[in-house]
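1. sequence and predicted model, in that order:
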Amino acid sequence: MAKIEYFYSAHSAYAYIGSAKFMEIVRAAGQSIIHKPFDLRAAVAVTGPGPTNGLTPQRRAYFSGREIERWAEARGAAIMQGHPTHHNNGIALSNGMLIAGLEQGVNIGQLAHGMLEAHWRDDADLDDRDTLSKIGKAAGIDPVPLLDAAISPEIQAIYDANTQEAIARSVFGSPTYFIDGDMFYGQDHLELIERALAKPFSGRWPRD
């Protein structure tokens, strides 16, 4: 069995666009996913080129606009026009809910996809408990125990550990996937992940 690690944030556009395809690839390979929700904003501040709102307007319109539109169409992912109204709200509650699910033995694949889809298709506020409760119920999960634990010190400590691990491993965006330690950044690399699960690439990561 390959070790498949998935670093992402519940509000990430590209994680949403690749979510269904990624789960399909892993399922077809008979494998399972190690989910590692992390604080994308904190990691990008350290490992990335900076937040997208610091880019020139045209570069931001390309990376956070045209690219999203094209990839969403290519992957068959329904998406709203423009950016979600609540995109800059807090992300600790939603990511914490996912981690609480993991700690409580819940299969969070559909919950994570539901959050991503609700945010980018339906303009959902992922910092709102009632909204997250509805998303949890739609995924067939009792949301109350997860939401009650989401911002507890224990769950937030795991969230911080995931974020620090992401920084230490040079994760600079969401989604980032590791297949037996080999890093693939971005949902546009899913075809390479599919190949890696069938036949690992030569060479290794990280570099010395």
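-> Good, I have the coordinates. Numbers count the residues shown, from 1 in each chain.
2. is it true that Ile33 touches Ile4?
-> Yes - between Ile33 and Ile4 there is a contact at 5.3 Å, judged by CB atoms under 8 Å. C-beta coordinates here come from the backbone N, C-alpha and C atoms, glycine included.
3. who has more neighbours out of those two?
-> Ile4 (21 against 17; other CB atoms under 10 Å).
4. show me what that one is bridged to.
-> For Ile4, the beta-bridge partners under DSSP bridges are Ile33, Ile179.
5. distance of it relative to Ala149?
-> 25 Å (CB to CB, to the nearest Å).
6. ditto for Gly173
-> For Gly173, the distance to Ala149 (CB to CB) stands at 27 Å.
7. tell me the SS of Tyr6?
-> With DSSP: H, G, I helix; E, B strand; the rest coil as the basis, Tyr6 sits in strand.
8. list the residues that contact it.
-> Contact partners of Tyr6, counting by CB atoms under 8 Å, 6 or more residues apart in numbering, are 22, 33-36, 175-177.
9. mind checking which of those residues are in helices?
-> Among those, DSSP state H puts Phe22 in helices.
10. for this structure, name the helix or strand with the lowest mean pLDDT.
-> The helix or strand of the chain with the poorest confidence is helix 57-61; it has a mean of 81 (mean pLDDT, DSSP states H and E).
11. what's the first helix or strand after it?
-> helix 67-75 (DSSP states H and E).
12. in the helix or strand containing Ile155, what's buried?
-> Assigned by DSSP H and E, Ile155 falls within helix 153-168. Counting neighbours by 16 or more other CB atoms under 10 Å, one finds that the buried residues in helix 153-168 are 155-156, 158-159, 162-163, 166-167.
13. going by distance to Arg70, which of those residues wins?
-> Ala166 (26.6 Å; CB to CB).
14. please report how far that closest one lies from Asn95.
-> Per CB to CB, Ala166 is found 12 Å from Asn95.
15. common neighbours of the two, please.
-> Contact criterion CB under 8 Å, 6+ apart; residues shared by Ala166 and Asn95: Phe38.
16. related to what we said a few turns ago, name the helices or strands packed onto the helix holding Ile155?
-> Secondary-structure packing of helix 153-168 (3 or more CB pairs under 8 Å, 6 or more residues apart in numbering; DSSP states H and E): strand 33-37, helix 40-47, helix 92-103.
17. tell me which of these sits most buried.
-> Mean neighbours per residue, mean count of other CB atoms under 10 Å, is largest over those for helix 92-103, with a mean of 23.
18. that's all I had, so thanks and see you.
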